[in-house]
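Asker: Got a sequence here, can you model it:
(chains A and B)
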Amino acid sequence: MSARVQSAKNAAAAGALLLAELHTGACGRIAAIRGGWRLRQSLNQVGIHTGDAIQVMRGVHLGGPVLIRIHSMEIALGNGMAESILIDLAAVEEHA
Amino acid sequence: MRNHQAAKPALALQEHPQLILLGQPNCGKSTIFNQVAGYRSITTNFPGVTVEYTSSHVDIGGRTCDLIDLPGIYSLTAIENAARETQRYLLEEPVSLIINVIDAAHLDRSLELTLQLLELGKPMLLCLNMIDEAERKGITLSTSALSSLLGLPVLSTNAARGVRIDELFAAAFALLQAPLPVQARPMSRHVEQVVAALSESLQRYPVSSDISNRLLAIKLLEGDPYFAPLLEQGGAKLRGELGHFQAILEEAHGQPADSVIAAERHALSLQIFEQCAFIEHPRRSWRQWRGRLDQIVMHPVWGYLIMAVVLFIFFNLIFKFGALLERPILAFFSRGEALFSAWLPAHSWTAHMARGLLQGVAGGIAIVLPYLIPFLIGMALIEDIGYLPRIAFLMDNFMHRLGLHGTAVLPGILGYGCSVPAVMATRILPSPRDRFIAAVAAVLVPCSARMTIILGLTGYYLGGTAALFIYLLNIVVITLVGTLLARLMPEDSPGMVLVIPSYKIPNPRTILAKTWLRSKDFVIFAWPILIAGSLVLSFAELYHWERAINAALAPLLRLLGLPEVIGMTLIFGVLRKELSMIMLIQALGTTHIDTVMSPVQILVFTIFVVFYFPCLATLGILTREVGWVKALAASLLTLLLAVLLAVAVRYFAPWIL
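Answerer: Prediction:
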């Protein structure tokens, strides 16, 4: 098991990794969306829900946005958004 | 359909049935609209806001209707302006029939909106658009299965090629005459129990609403702010009861109530999708092609390079094409002017009026035809291909420093061409706050007219470095102003959420329709102002107001350390920026400006003219986009900036030059 998956498992115990921390190519499931009503709604509307599987197509670069693939759609999320989404990397390992 | 006559009495209440095109962004709604509406369509603002929708009176197969293209929404719960207005329209305006347009390639996501629309209980028809794209992705959809699952007529179309559009409207008219009952789909049992309990409670409160108690209960559980006033009517007791039901949902499902309902809809959509879709492996080449392209186009290094090349080509083509047309147009009008002056006595009232009118008309045509139209066509192309969201992705980081999102970069770039389309482009931004900040930034960007002054005056007399200095100073100032405005007007949107659509082959008809609608805006709002301003200036010349104007502006010019004879020049600059250069030569009486103005004075003048006030055409469009109070505030801000910068340069430049 790679060090990254291991660290993700540790992180999952304490919560999970922030989407903003993930590198290009990482896969996982949304563990939680931490934010107010507007933030939750704007994510829910485009089809991003807790429990959904995602893949990082372009990780954060110099504090910029992140590009994810979810339900066969590509969605760009601002950095602030990416910092309020928790990803469980281990969850996908089981489903893969 | 055949008994069209018999159906007339039913429709007599409203002169024409109101057909609403509704769907999620990028579903091809507007393409359908443009296929049938064409040039007769009009853009209307929702009352009191700058959100707009398009409507048209349409004749299809001998039947007439009003077709209304509302802004695309993801959900019936509004979190931004455009969606709120769409929501209001659906809930409060007369709607005979909803045509729910769906991007067939993303049916699973699109159904989430459809499920909410079903709750409205209005006659509805489903249009699976871009069916070819779904097939390329390996998704085969059974329209009959979907139709029986939802209890709605379902048609598949390919709007970009005009395939089955007539059938769509034939089905819509058939449905108008024999409406089918529309029924909401139930969510899971526990959620339905809570919804039922709340809607029963609602009967005991004096809340008045046109929508069903069930929909109201769902909306209240979701915490939709649209219904906050209604909740107020129910008082503290209703609020308490609502809180109780929300807590039940939250406890049972481990998520806030709004997320529970969103998840329910999501699950229901997926379930329906799986029952009517047959998925095989997508045609490999297609997915790989898009994936590979996006890997380069959105790459942290190559992406920016490609963007630079695309924009460079885009602007070069516009300027080349514009310059090619502008010269003969202006020549034509100056010949016309010569003809007038030969006919009418010089210095007469009529001669000046004719000249003012002619110059105003010429100014409009010399801007609209050569620059605006090619620009709007190019813009519609970039939009329709799907490159715009990719630019937004690349620029999001930088634009955040200005308190804006990535999409806002476009008006700024366009500003280097002409401020009018740049201000118009701010319309793509979601919130009024973002639109205002972006519009101010766009106005501050030196347009091509101001470029002629920067290059022709500072560049010519002081060298290229000085000209470059002005451009760099401009970028610094815009960044500072943007940051300042962002601080003053705190951000209200939670951040960028941008669905990156697949690339599409643009449809010429849609592009022309978009260009036509947008250029109409310029003609209606900016052109009359340009003509009026031109007339005023013409009379100013006739009655020798320049002495009075120069005297009035003398304190300002003394402050800037500029000769007082050029006061009138600044007024002309407001009319059209490129006139400043010509008028300066006229006012000073020489083409060798360096003989009458010092290098510092040249620099001060250039900086003042670059910043000082939007030209009249821009002011007109700015008023149209952000309202006259904000337009005036923005203009005064630019004036203040110009004075401050020019004075600073007056005192600091001698040390360097």
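
Asker: Any stretches of the chain with poor pLDDT?
Answerer: Just so you know, I chose chain A. Across chain A, residues meeting the criterion (pLDDT under 70) sit at A:1-15, A:91-96.

Asker: Let me rephrase: I mean chain B.
Answerer: Using pLDDT under 70, chain B drops low at B:1-14, B:38-40, B:43-51, B:208, B:282-287, B:319, B:367-368, B:492-493.

Asker: Counting residues, name the longest helix you see in it.
Answerer: Using DSSP state H, we find that the single longest helix of chain B is helix B:302-343.

Asker: Report the next helix or strand after it in sequence order.
Answerer: Using DSSP states H and E, the helix or strand that follows helix B:302-343 towards the C-terminus is helix B:349-367.

Asker: Relative to B:Pro421, how far out is the residue most central in space within chain B?
Answerer: For chain B, B:Arg427 is the residue whose C-alpha lies nearest the centre (C-alpha atoms, centre = their mean; 2.3 Å). Using C-beta to C-beta, to the nearest Å, B:Arg427 is found at 11 Å from B:Pro421. All C-beta spots, glycine's among them, are computed from the backbone N, C-alpha and C.

Asker: just the helices in chain A please.
Answerer: So, for chain A - with DSSP H - the helices run A:3-14, A:37-45, A:79-82, A:89-95.

Asker: what about the shortest one, near chain B?
Answerer: Spelled out, that is helix A:79-82. Yes - judged by C-beta under 8 Å from any C-beta of the partner chain, helix A:79-82 and chain B are in contact via A:Asn79, A:Gly80, A:Met81.

Asker: helices or strands up against that helix?
Answerer: helix B:388-400 (3 or more C-beta pairs under 8 Å, 6 or more residues apart in numbering or on different chains; DSSP states H and E).

Asker: After the helix it packs on, which helix or strand is next?
Answerer: Per DSSP H and E, the first helix or strand lying C-terminal to helix B:388-400 is helix B:409-415.

Asker: quick check, distance from that next one to the centre of its chain.
Answerer: 13 Å (C-alpha atoms, centre = their mean, to the nearest Å).

Asker: CA-only coordinates of the helix or strand just after that helix in PDB, if you can.
Answerer: For helix B:409-415, the following helix or strand on the C-terminal side (DSSP H and E) is helix B:419-425. Provided in PDB are the C-alpha atoms of helix B:419-425 (Å, rounded to 0.1, in the frame of the first residue of the first chain):
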ATOM      1  CA  SER B 419     -15.300  49.300 -24.100                       C
ATOM      2  CA  VAL B 420     -18.900  48.900 -25.500                       C
ATOM      3  CA  PRO B 421     -18.800  45.100 -26.100                       C
ATOM      4  CA  ALA B 422     -16.600  44.700 -23.000                       C
ATOM      5  CA  VAL B 423     -19.300  46.200 -20.800                       C
ATOM      6  CA  MET B 424     -21.900  44.100 -22.600                       C
ATOM      7  CA  ALA B 425     -19.800  41.000 -21.900                       C
END
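
Asker: which other helices and strands contact the next helix or strand after helix B:419-425?
Answerer: Counting by DSSP H and E, the next helix or strand C-terminal to helix B:419-425 is helix B:432-444. Judged by 3+ C-beta pairs under 8 Å, 6+ apart, the packing partners of helix B:432-444 are helix B:409-415, helix B:419-425, helix B:464-488, helix B:616-626, helix B:628-656.

Asker: Run the chain-centre distance for helix B:432-444.
Answerer: Here helix B:432-444 is found 12 Å from its chain centre; the criterion is C-alpha atoms, centre = their mean.

Asker: and the helix or strand containing B:Gln193 with chain A, contact?
Answerer: Assigned by DSSP H and E, B:Gln193 belongs to helix B:189-202. No - judged by C-beta under 8 Å from any C-beta, helix B:189-202 makes no contact with chain A; its nearest approach is 14.6 Å.

Asker: ok, which residues in chain A are in contact with chain B?
Answerer: For chain A, the contact set with chain B under C-beta under 8 Å from any C-beta comprises A:33, A:35-51, A:57-58, A:61-65, A:67, A:71-81.

Asker: Any chance of a ChimeraX selection covering the buried ones in the residues you listed?
Answerer: Selection of buried members from the residues of chain A next to chain B for ChimeraX, criterion 16 or more other C-beta atoms under 10 Å in any protein chain shown:
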select /A:33,35,37,39,40,41,42,43,44,45,46,47,48,49,50,57,58,64,65,67,71,73,74,75,76,77,78,79,80,81
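
Asker: related to what we said a few turns ago, only the buried residues of the helix holding B:Gln193, if you could.
Answerer: In helix B:189-202, counting by 16+ other C-beta under 10 Å, buried: B:Val191, B:Val194, B:Val195, B:Leu198, B:Ser199, B:Ser201, B:Leu202.

Asker: which ones are touching the last one?
Answerer: Listed by C-beta atoms under 8 Å, 6 or more residues apart in numbering or on different chains, the contact set of B:Leu202 reads B:Asn213, B:Leu216, B:Ala217, B:Gly234, B:Leu238.

Asker: which ones are touching the nearest residue to the first one once chain neighbours are set aside?
Answerer: Using C-beta to C-beta, 6 or more residues apart in numbering or on different chains and skipping residues adjacent in sequence, the residue nearest B:Asn213 is B:Ser199, 4.0 Å away. Contacts for B:Ser199 (C-beta under 8 Å, 6+ apart) come out as B:Ser212, B:Asn213, B:Arg214, B:Leu216, B:Ala217.

Asker: now, which of those sits nearest B:Glu337?
Answerer: B:Leu216 (65.4 Å; C-beta to C-beta).

Asker: Confirm that that closest one sits in a strand.
Answerer: No - read with DSSP: H, G, I helix; E, B strand; the rest coil, B:Leu216 is helix and lies in no strand.

Asker: Grab the longest strand from chain B for me.
Answerer: Longest strand in chain B by number of residues (criterion: DSSP state E): strand B:52-60.

Asker: Just after that one, pick out the following helix or strand.
Answerer: strand B:63-69.

Asker: So what touches the helix or strand that comes right after that following strand?
Answerer: Using DSSP H and E, the helix or strand that follows strand B:63-69 in sequence is helix B:81-92. Residues from elsewhere that reach helix B:81-92, judged by C-beta under 8 Å, 6+ apart: B:20, B:22, B:46, B:49, B:51, B:53, B:68, B:70-71, B:73-78, B:95, B:98, B:117, B:120, B:210-211, B:226, B:430-432.

Asker: what's the answer for stretch B:446-458, then?
Answerer: B:319, B:371, B:415-419, B:422, B:466-467, B:470-471, B:474, B:576-578, B:580-581, B:584, B:593, B:602-603, B:605-606, B:609-610, B:615.

Asker: Start and end of that stretch, how far apart?
Answerer: Start-to-end span of stretch B:446-458 (C-alpha to C-alpha, to the nearest Å) is 14 Å.

Asker: again with stretch B:207-220
Answerer: 12 Å.

Asker: list the buried ones in it?
Answerer: Neighbour counts over stretch B:207-220 (16+ other C-beta under 10 Å) mark B:Val207, B:Ile211, B:Asn213, B:Arg214, B:Leu215, B:Leu216, B:Ala217, B:Ile218, B:Lys219, B:Leu220 as buried.

Asker: And those residues, which two are furthest apart?
Answerer: B:Val207 and B:Ile218 (14.2 Å).

Asker: Export the contacts of B:Ser199 as TSV, with columns for distance to A:Gly25.
Answerer: TSV is the format used below for these (distance: C-beta to C-beta, whole Å):
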residue	distance to A:Gly25
B:Ser212	47
B:Asn213	49
B:Arg214	45
B:Leu216	45
B:Ala217	44
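
Asker: need the strands for the stretch 1-150 of chain B, in chain order.
Answerer: Ranges of strands in the stretch 1-150 of chain B, per DSSP state E, counting those that start in this stretch, are B:18-23, B:42-45, B:52-60, B:63-69, B:97-103, B:124-129, B:139-141.
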